[in-house]
Structure formats: structure tokens, C-alpha cells
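K.L.:
no sequence on this one, just coordinates:
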């Protein structure tokens, strides 16, 4: 069994191999690795936090390109950590690594040769987790923060209701749109706009981009006034493919200046992460135990026929589980 303190020491010294090994252990529910990470977080300075940024948006909006642009324009010498939640392969359950190909292809462009060295990217599969988010996402973010990657960026798989779960992990959620996104009112119906903190209109050189951004600003302002959302939500128009511009630097500054009072400490973030992992493990254990009940199908069939209440079935199965009857070891 690996000594996870040594592995994390190596990762903190810059070993990508050690960091990849540790994240793989986290994804495989290695509680020894998670316990070592928790020990380090408990001993860390609570006032030292990384900027945690969520990037969400529909396919083709330019999320991956924006992550790459942020990595190249973020000031200072810290290394940037990014974790991309990819759709899961139906065959293997693993992540489809489209973002990795896209980001590293972009690294070859003139003027961006140092991006591959500065950006550490990890793709993870949603694997059917509730909310379309990997169940281990919070732990991976905490691991990145523990070895001083800053900022830590989380890119979601898409722009549906399931991606809202990232809001519990990051301090600032960015919704990426482009002039081809359609009617802003339709986006309101999708439910994501009320969760986003900042809005980025990417591909701002396209026809209709200025009109789209103006409409978006109006909707954001009215929505904020109607629902009492605190000020600070802004619309930024950028060309992520051309990051060295005043507009992109303005977005970076807005992310760096995001109110620090909303930021979670490392310990708070880790406590939430462990809570989610324990609850998800509990749900899985209960489900597996329930399925091991060989005689519960008659009750299910009676419930389906309207002859028995669902509450009665639940209470009966839970009673058997807690009493240890009819459960396979």
C-alpha cells in the first residue's frame, strides 16, 4: 500500500505522476488517501485558500478554451489546476477526454508555449453521479488546493440543471455563452442564470455579439433587482481564442476580486466534501442491502398495483436492513 504522505509530498514538489496517482486513489474511494488529505487540511492555515472557479455552459460555448485562456493570463507564478467533468463512456464508465485534446492542441499556438507547463488538467467521468457531477470532485479540488494550485477551475460537462451541483464546490460560478446561444429568455427557463455569478459572452467578434451581450445585461440587472441578488454579477465579452486582450484581463481581475467573504476555507470545503462522500456511500450501501432482500418483490408488486403504500414498503425494507435480516454479507 502506498504511503500517501510521501505521495502528497511528491505532488507538492511538482510531480504530476504522484498527483495523478493520488487522484486515482481518491476516485477509487481509497479512504487511506482521503484520511491523509484530511489530516493535512486540518493542519493547514485556514486563511490560505485558492480561488475556486466553476465554468459551465452549453457544448460549443468555449468552456475549455476559456479555461486555457485563464491559465495563460492569470498573474503570478502559481500553477493552475483544472478538473473537467466529462460525459462518461457507456462501455467503460471512464471520461471521454475531449477537453484534454482541445486544450493541449491550443497549447501549440504561438505565444502559448508555456501553458502546458502551467496548467495541470485532470478529466473525470461523471459516472452517473447525481447532479451530473463526479462524486469525488470536491476531494480532487481539495487535493489541488492542498498542493497550492491556484486558481482551481472546475469545468462542468454541460449547462443543464445537473451542473448546478458545482455551486457547492466553487466560490464563483461562470456561465459561458456565445451569440449563437439563442434567446436569453430561454436561458432563464433553463434555471442556470440565477445560479451564475459572472457571465461570459465568448466569441464576441461574431455578428450580433454586442446586441446579445446588451440583452443579457438587461436581463441580469432585472433578475437581480427582482430577486434581491447582491450586486456584482457582470457580463464580460471576450474572445477566449485571443486571451491577451484588455477584455480577458478584465475578466481575470473580476475573478480575483470576487468577494473574499463568500469564499470557503479549506476546512469548510473539505468538511462539505466528506459529508457528501459519506452520505453517498450510505445511500449506496442502503440500496445494495435493499436489493439483497430476496423477498421484497411481492411488496413492490403490491405497491405497483396500488394495494400497498410506498411508505409502508420503505419502512419494511429499512427495518429488515437495520435488523440485519435477509441481508447478504
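P.N.:
Perfect, thanks for sending it. On a predicted model such as this, the values are computed, not experimentally measured, just so you know.
K.L.:
what count of nearby residues applies to residue 83?
P.N.:
24 (other CB atoms under 10 Å). In short, each C-beta sits where N, CA and C put it, glycine included.
K.L.:
how close does it sit to residue 280?
P.N.:
Relative to residue 280, residue 83 is positioned 18 Å away (CB to CB, to the nearest Å).
K.L.:
please enumerate the helices of the stretch 101-250 of the chain.
P.N.:
Assigned by DSSP state H, counting those that start in this stretch, the stretch 101-250 of the chain shows helices spanning 115-118, 137-146, 184-190, 209-227, 246-256.
K.L.:
turn those helices into CSV, columns for mean neighbour count and distance to residue 198.
P.N.:
Formatted as CSV, these follow (neighbours: other CB atoms under 10 Å; distance: least, CB to CB, whole Å):
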stretch, mean neighbour count, distance to residue 198
helix 115-118, 15, 22
helix 137-146, 25, 19
helix 184-190, 13, 15
helix 209-227, 15, 10
helix 246-256, 16, 6
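K.L.:
ok, and what's touching the helix or strand hosting residue 6?
P.N.:
When secondary structure is defined by DSSP states H and E, residue 6 falls within helix 4-12. Helix 4-12 has contacts (CB atoms under 8 Å, 6 or more residues apart in numbering) with 17-19, 21-22, 25, 32-33, 35-37, 40, 143, 146-148.
K.L.:
please indicate which of these are buried?
P.N.:
18-19, 21-22, 25, 33, 36-37, 40, 143, 146-147 (16 or more other CB atoms under 10 Å).
K.L.:
which residue is the nearest non-sequential neighbour of residue 42?
P.N.:
Excluding its sequence neighbours, the residue lying closest to residue 42 (CB to CB, 6 or more residues apart in numbering) is residue 267, at 6.6 Å.
K.L.:
low-scoring pLDDT stretches of this structure, where are they?
P.N.:
Within the chain, the segments meeting pLDDT under 70 span 1, 87-117, 126-133, 159-163, 181-192, 224-232, 260-263, 294, 324-329.
K.L.:
and it, what are its domain boundaries?
P.N.:
Domain segmentation of the chain under automatic domain parsing yields 1-42, 44-263, 276-323.
K.L.:
other residues contacting stretch 314-326?
P.N.:
Residues contacting stretch 314-326 (CB under 8 Å, 6+ apart): 286, 289-290, 292-296, 299, 327.
K.L.:
what residues of that stretch count as buried?
P.N.:
For stretch 314-326, burial by neighbour count (16+ other CB under 10 Å) applies to 317, 320-321.
K.L.:
and of the residues you listed, the nearest to residue 123?
P.N.:
residue 321 (36.2 Å; CB to CB).
K.L.:
all set, thanks.
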